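Kindly return the folded structure for what I paste below:
(2 chains)
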Protein chains: 2
Amino acid sequence: MILKNDTFLRALLREPVPYTPVWMMRQAGRYLPEYNQTRSRAGSFLSLCKNPDLATEVTLQPLARFPLDAAILFSDILTVPDAMGLGLYFAEGEGPKFERPLRDEWEIKNLTAPDPSVHLGYVMDAVCQIRKALAGSVPLIGFSGSPFTLACYMIEGGSSSDFLHTKTMLYRRPDLLHHILEINAKAVSDYLNAQIESGAQAVMIFDSWGGALSEAAYSEFSLAYMEKIVSSLHKTREGKRVPSIVFTKGGGLWIEKIASIGCDAAGLDWTMDIGRARSLVGDRIALQGNLDPCVLFSTPDAIKAETQKILESFGHGSGHVFNLGHGISQYTDPENARIMIETVHSSSRKYHEVASQ
Amino acid sequence: MILKNDTFLRALLREPVPYTPVWMMRQAGRYLPEYNQTRSRAGSFLSLCKNPDLATEVTLQPLARFPLDAAILFSDILTVPDAMGLGLYFAEGEGPKFERPLRDEWEIKNLTAPDPSVHLGYVMDAVCQIRKALAGSVPLIGFSGSPFTLACYMIEGGSSSDFLHTKTMLYRRPDLLHHILEINAKAVSDYLNAQIESGAQAVMIFDSWGGALSEAAYSEFSLAYMEKIVSSLHKTREGKRVPSIVFTKGGGLWIEKIASIGCDAAGLDWTMDIGRARSLVGDRIALQGNLDPCVLFSTPDAIKAETQKILESFGHGSGHVFNLGHGISQYTDPENARIMIETVHSSSRKYHEVASQ
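Numbers count the residues shown, from 1 in each chain, chains lettered A, B, ... in the order given. The predicted structure follows:
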């Protein structure tokens, strides 16, 4: 099937595009009333993730509302450790938790990478169904958490503000953490490759917590494993290149290192000026980002102005996928997201005009 | 009175020192059993802050245990908004809160900078008493929160993970936020100058939340106001230069901008390699930091090795004050802090040797 809108894929490969493509992290989410309706039908967030019909339904909801240039699989990064047997659950108002966090050496040594076709079949079913439902309108992004980010949740047993257990292991028993990261890297590789085989046309690795590390620890415990994954990913599918995006939240400081691991693009949170990031990475990779999601709580004029500032900072030429610097907040007025999206489309054309003789 | 150990002040001014001085953010705190005893005598954290005798007692406790090169006033950054009438209180296990957060325009317009001698007299009394009690052993650091960080707490009414109210005001009503920041900058200036007059020998501005902003917003809403404060500070006291330190947590990306606002030193959290930071700021300012506090949960050998890596990364010459990259965790074993401190002293001498002919 021919892809009607391949702007997103072309921008990731720094090929010419008529305008800057845009999508939003967490675009299928709680800020949309239709999402909340489907979620309440599903009963819980986890049932929603595990039901391919409903996951397909919510994946498509933001695309029905807005002229987005990509769809992203509706799922959660913690499905992988769940498939490893850690017992994922969501305590009301407390975020994700694991029944059996990884602390003991014997548990760590017994950890194995799940077979995605067996333990994560519901994700692959969702990917297939979403591709079919998209009918070639826009590409579908598959994703996973990074090995380090998954390890943080697996060791802490849930969210954390300081990652004390994880970092204690990092400095006290680096061998154990490396063992977990090896298994996680294998799990993530297999998982992303299975998504690509099921139809994902680009993949993104979410490294939500790598930014909590020192520069040396980031290189050794997060970036090295993402590099391993990137090098093991299927590079083409259906005769098309499948681009990969690596996003370390808080990783602006290390953008040059990220640009050298073989990924096609890097996500940027809003703390780094995107023009500065571009000047550091040159034409090695594309950049995705980076509006502060809080801007969507302001006025239409301010949303337009802040969106335009980012387009202007990136400047002329391809290699920019517009996005928020983090997931859209559940309290966002969807009409404000629309203003951002329409501004990206209308205001970016001038940066893609080819100079005529 | 002659200062017996002025290594800390000399390092901040990049003057020759025999070894790298060291102190720890939150060195008078809950990881020390003697602190917890004094605190329980005081009844609450806030009563401890407001009682100059007890504040003096806890300020001196870490110095009685460890060979630290500086003392820091025991207080809280939120004493300033408390003095502005916002009603600071500490809900058990929930962190600081304000009874009357700043949301309405008329409240914002009525905000005034407190007179430190009237409303913060207990802080000045503590500074005088601590100086007397230190008896010239090591210098005393005074401190304040940054205007932006104080504004975050004042607007949110407490801690926050996303600063949604503050950033909504930033993008929707920048005029109102600038008004608050003007008042806060005046308040912080007056407060730090009063601390200097009472005997503080160096001052530090804690910008805990500036790192949550975009680069442009950081310059306009946080850094600009710290620059204003730095330029208004008393530069000398008792014939000695009073150095200033600016610490934006998560501000490594902007270290060159921070180096240009006139402060003597910048604090660094652990995410940026200190050698890289030094190469960016050159000899414009000194650097303070930057061991991940979580390293203190590891083994003696790992603590020594990580401490030595930071000394090695900074390299030869003066201009480095060793510190953690954030406050010491309440769960730290004090003996591990001792290992770090002793390692800094013993391992740093070689970086300060003057090459002989």
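
buried stuff in the top helix by length along chain A?
Counting residues, the longest helix in chain A under DSSP state H turns out to be helix A:174-198. For helix A:174-198, the neighbour count (16 or more other Cβ atoms under 10 Å in any protein chain shown) marks A:174, A:176-178, A:180-181, A:183-196, A:198 as buried. The C-beta positions use only the backbone N, C-alpha and C, and glycine is treated the same way.

Show the average pLDDT along it.
Helix A:174-198 comes out with an average pLDDT of 98.

what's the weakest-modelled helix or strand in chain A?
Sorting the helices and strands of chain A by mean pLDDT, DSSP states H and E puts strand A:88-91 at the bottom, at a mean of 88.

For that strand, which outside residues touch it?
Contact with strand A:88-91 is made by A:44, A:45, A:46, A:78, A:79, A:81, A:82, A:96, A:97, A:98, A:99, as judged by Cβ atoms under 8 Å, 6 or more residues apart in numbering or on different chains.

who does it pair up with?
Neighbouring strands of strand A:88-91 in its sheet, by DSSP bridges, are strand A:95-98 (antiparallel).

And the helix or strand just after the strand it pairs with, how far out from the chain middle?
For strand A:95-98, the succeeding helix or strand toward the C-terminus, using DSSP states H and E, is helix A:105-109. Remark: helix A:105-109 is offset 29 Å from the chain centroid, using Cα atoms, centre = their mean, to the nearest Å.

Do you know the pLDDT at the residue nearest to residue A:266 when sequence neighbours are not counted?
With Cβ to Cβ, 6 or more residues apart in numbering or on different chains as the criterion, residue A:266 has its nearest non-adjacent residue at 4.8 Å, and that residue is residue A:258. Looking at residue A:258, its pLDDT is 98.

Now do the helix or strand just after the longest helix of chain A: which elements does it pack against?
Counting by DSSP H and E, the next helix or strand C-terminal to helix A:174-198 is strand A:202-207. Packing partners of strand A:202-207 (3 or more Cβ pairs under 8 Å, 6 or more residues apart in numbering or on different chains; DSSP states H and E): helix A:7-12, strand A:140-145, helix A:147-156, helix A:174-198, helix A:224-232, strand A:244-248.

Contacts for the helix or strand that strand A:202-207 is followed by, please.
Next along the chain after strand A:202-207, taking DSSP H and E as the criterion, comes helix A:215-218. The contact list for helix A:215-218 (Cβ under 8 Å, 6+ apart) reads A:170, A:210-211, A:248, A:251, A:253-254, B:271-273, B:276, B:292, B:309.

Figure out how far stretch A:198-216 is from the centre of its chain.
Centroid separation between stretch A:198-216 and its chain, computed with Cα atoms, centre = their mean, is 7 Å.

hang on, the earlier thing: and the residue nearest to residue A:266, how far from chain B?
To chain B, residue A:258 is 14 Å away according to Cβ to the nearest Cβ, to the nearest Å.

For that residue, give me its contacts.
Neighbouring residues of residue A:258 by Cβ under 8 Å, 6+ apart: A:223, A:246, A:248, A:251, A:266, A:285.

Now residue A:345, what are its backbone angles?
Dihedral angles of residue A:345 (phi, psi; degrees, to the nearest 10) stand at phi -70, psi -40.

Is it in contact with residue A:17, as I believe?
No - using Cβ atoms under 8 Å, residue A:345 is not in contact with residue A:17, being 11.2 Å away.

For these two, indicate the residue with more neighbours.
Ranked by neighbour count (other Cβ atoms under 10 Å in any protein chain shown), residue A:345 and residue A:17 place residue A:17 first, with 24 against 18.

Check what pLDDT the more buried one gets.
Looking at residue A:17, its pLDDT reads 97.

Residue A:86 contacts residue A:155, correct?
No - between residue A:86 and residue A:155 there is no contact under Cβ under 8 Å: 10.2 Å.

any shared contact partners between the two?
With Cβ under 8 Å, 6+ apart as the test, residue A:86 and residue A:155 both reach A:101, A:102.

What are the boundaries of the helices in the stretch 1-150 of chain A?
All helices of the stretch 1-150 of chain A, identified by DSSP state H, counting those that start in this stretch, fall at A:7-12, A:33-42, A:45-50, A:52-65, A:79-81, A:105-109, A:116-119, A:121-134, A:147-156.

Give me the mean pLDDT for the fifth one.
When you say that, I think you mean helix A:79-81. 96.

Same question for stretch A:281-294.
Regarding stretch A:281-294, the rounded mean pLDDT is 97.

check whether it contacts chain B.
Yes - against chain B, stretch A:281-294 shows contacts by Cβ under 8 Å from any Cβ of the partner chain at A:292, A:294.

Off-centre distance for that stretch?
The chain centroid and the centroid of stretch A:281-294 are separated by 13 Å, computed with Cα atoms, centre = their mean.

Just the CA atoms from it would do, formatted as PDB, please.
Output of stretch A:281-294 as PDB, limited to C-alpha atoms (Å, rounded to 0.1, in the frame of the first residue of the first chain):
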ATOM      1  CA  VAL A 281      24.900  17.400  15.500                       C
ATOM      2  CA  GLY A 282      25.300  18.800  12.000                       C
ATOM      3  CA  ASP A 283      23.800  16.600   9.300                       C
ATOM      4  CA  ARG A 284      24.500  13.400  11.200                       C
ATOM      5  CA  ILE A 285      20.900  12.900  12.500                       C
ATOM      6  CA  ALA A 286      17.400  14.500  12.400                       C
ATOM      7  CA  LEU A 287      16.000  16.200  15.500                       C
ATOM      8  CA  GLN A 288      12.500  15.700  16.900                       C
ATOM      9  CA  GLY A 289      11.000  18.300  19.300                       C
ATOM     10  CA  ASN A 290      10.800  20.400  21.300                       C
ATOM     11  CA  LEU A 291       8.000  22.700  22.600                       C
ATOM     12  CA  ASP A 292       7.400  22.800  26.300                       C
ATOM     13  CA  PRO A 293       4.000  21.100  26.700                       C
ATOM     14  CA  CYS A 294       3.100  23.800  29.200                       C
END
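
Tell me the buried residues in it?
Within stretch A:281-294, the residues that count as buried by 16+ other Cβ under 10 Å are A:281, A:284, A:285, A:286, A:287, A:288, A:289, A:290, A:291, A:292, A:293, A:294.

Look at the closest residue to residue A:199 other than its chain neighbours and say how many residues are nearby.
Excluding the flanking residues, the one nearest residue A:199 by Cβ to Cβ, 6+ apart is residue A:131, at 3.7 Å. A count of neighbours around residue A:131, defined by other Cβ under 10 Å, yields 20.

quick one, what contacts residue A:131?
Counting by Cβ under 8 Å, 6+ apart, residue A:131 makes contact with A:140, A:198, A:199.

my guess is residue A:41 contacts residue A:51, does it?
No - assessed by Cβ under 8 Å, residue A:41 is found out of contact with residue A:51, at 9.5 Å.

neighbour count winner among those two?
residue A:51 (19 against 12).

Does chain B have contacts with stretch A:239-253?
Yes - using Cβ under 8 Å from any Cβ, stretch A:239-253 comes into contact with chain B via A:250, A:252, A:253.
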